[in-house]
Every structure is written in C-alpha cells, then in structure tokens.
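[1] need coordinates for the following:
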Amino acid sequence: DPAVTPEPIIALQGLVVTLFACGGGSEEHHSAAVTSAGAIYTWGSGRSGQLGHGDLENLVMPRVVTSPILQGQQVVQVACGSAHTVAVTHGGAVLAWGWGHF
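    Numbering: from 1, shown residues only. Next comes the predicted model:
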C-alpha cells in the first residue's frame, strides 16, 4: 500500500543524507540518496539498470551502490532520469547507468 503521510526511510536512518533525487517514466520510478560520506543509495524500479546494482531487480528499500568504478570515490551530486541515473564524483568524474547511450 502507498504511504499517504510522510514516513522515515528506515534503511537511511543514522546516515546523513545531503542530496536526494527522484526520477521515473510511466512505470520506472526510482530514487537516489547521497550521504555526507559520498555513498549513493538507490531503490525503486531497476528494470533498465538505473539502480546500478548490476541487475534489473526492483528494490523496495535503499541499497548502497557498490560498483567497482565507485571504489574510493565520493559521490557529490546525483540526478535521476526516467530510466537512468547520473552521478558526479568529488574528482569530477561523471558516471551514468541505466537506459541510454552514454
């Protein structure tokens, strides 16, 4: 059932979230949160790979993105499109995943 009043996101409790983004098309809604430590968490529809977890699974709860390309990187910005996600690291690298031609 959908939440009709604000509720805490349990998987993010205890983390300092500095940025948040939402995206989605007709059926591919997803969200991303960036923490003060530079970690990125994603959840929602993953059917186009936009969650960045190496699969096409949907997630109800946020999960940290652990892609090897992010090892040692701090994410400082994130944006969610209809079926893709783009992140910028502290070093200025622009990383994208999901549906699209990059």
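
[2] parallel or antiparallel, list what pairs with the one helix or strand residue 31 maps to.
    Residue 31 is located in strand 30-35, with elements delineated by DSSP states H and E. In the sheet, strand 30-35 lines up against strand 17-23 (antiparallel), strand 40-44 (antiparallel) (DSSP bridges).

[3] how about the first one as PDB, C-alpha atoms only?
    Looking back up the chat, that one is strand 17-23. Extracted in PDB, the C-alpha atoms of strand 17-23 (Å, rounded to 0.1, in the frame of the first residue of the first chain):
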ATOM      1  CA  VAL A  17      21.800  12.400   3.600                       C
ATOM      2  CA  THR A  18      23.000  15.500   1.700                       C
ATOM      3  CA  LEU A  19      21.300  15.000  -1.700                       C
ATOM      4  CA  PHE A  20      18.200  13.300  -2.900                       C
ATOM      5  CA  ALA A  21      16.800  12.700  -6.400                       C
ATOM      6  CA  CYS A  22      13.800  11.100  -7.900                       C
ATOM      7  CA  GLY A  23      13.100  10.000 -11.500                       C
END
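
[4] contacts for that strand, please.
    Strand 17-23 has contacts (C-beta atoms under 8 Å, 6 or more residues apart in numbering) with 29-36, 50, 76-85. C-beta coordinates here come from the backbone N, C-alpha and C atoms, glycine included.
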